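In: Kindly generate the corresponding structure for this input.
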Amino acid sequence: IEDIQMKVAKIDAAIKANDPKILQMELQGCIGTTVNQGPIEIARVFLRDLFDGKVPSKHENKLRLCFKELLKKSGDALKRNRQFIKKDQEAYQNQLEKSYHQCMEYLKPLIQPAPLPANQVARQGQSPARPSAGEMSVTSPLV
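Out: Below is the predicted model of the structure:
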């Protein structure tokens with residue numbers, strides 16, 4: 001959870017820094033092809049059961065929401081980076097966008113509105129099938 005939160009914080013800082021080199025470095029670290037297995041592998045290992053529809057535990061849900069935020073920030077960073085790039089960086093930008101979409105496709109089942117963790121259903125008196133208002137699905141800003 002902390003690793004994904006750190007990636008979110010770094011990419012958010014890179015967006016705010018308005019420095020194309022830092023932004024590209026952080027994008028590469030989050031969604032680049034050489035490390036694309038990072039977030040996907042973490043999801044595969046720690047959230048495997050959620051892909052099969054299991055109701056997430058409190059910690060699984062927190063990690064799931066971290067991935068959702070990582071993808072949102074990565075999409076925002078890609079949009080910002082598109083404004084920075086020059087003609088000679090077009091292929092690099094396209095590769096980052098392709099990696100982003102691959103990561104998004106793989107993680108999509110996790111970021112769709114999900115049932116509340118079992119320990120929160122009784123506390124909030126909600127049906128597990130009804131997502132909260134903050135649990136709306138993330139869409140790619142590039143579509």
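In: And the helices in the chain?
Out: Counting by DSSP state H, one finds helices in the chain at the ranges 2-17, 20-31, 37-46, 58-84, 90-111, 118-124.
In: closest to D52 out of those?
Out: Relative to D52, the nearest member of these by C-beta to C-beta is helix 90-111, separated by 9.2 Å. (Glycine included, C-beta is placed from N, CA and C.)
In: Report the buried residues of the closest one.
Out: Along helix 90-111, the positions that meet the burial threshold by neighbour count (16 or more other C-beta atoms under 10 Å) are 93, 96-97, 99-101, 103-104, 107, 110-111.
In: between those, which is closest to E26?
Out: Comparing those against E26 with C-beta to C-beta picks out L96 as the nearest, at 10.9 Å.
In: so what's the residue nearest in space to the middle of the chain scoring on pLDDT?
Out: Per C-alpha atoms, centre = their mean, the C-alpha nearest to the average position across the chain is that of L71, at 2.5 Å. According to the model's per-residue confidence, L71 sits at a pLDDT of 93.
In: what's the answer for S57, then?
Out: Taken from the predicted model, the pLDDT recorded for S57 is 92.
In: residues near it, how many?
Out: S57 is flanked by 14 other residues according to other C-beta atoms under 10 Å.
In: Cool, thanks, talk later.
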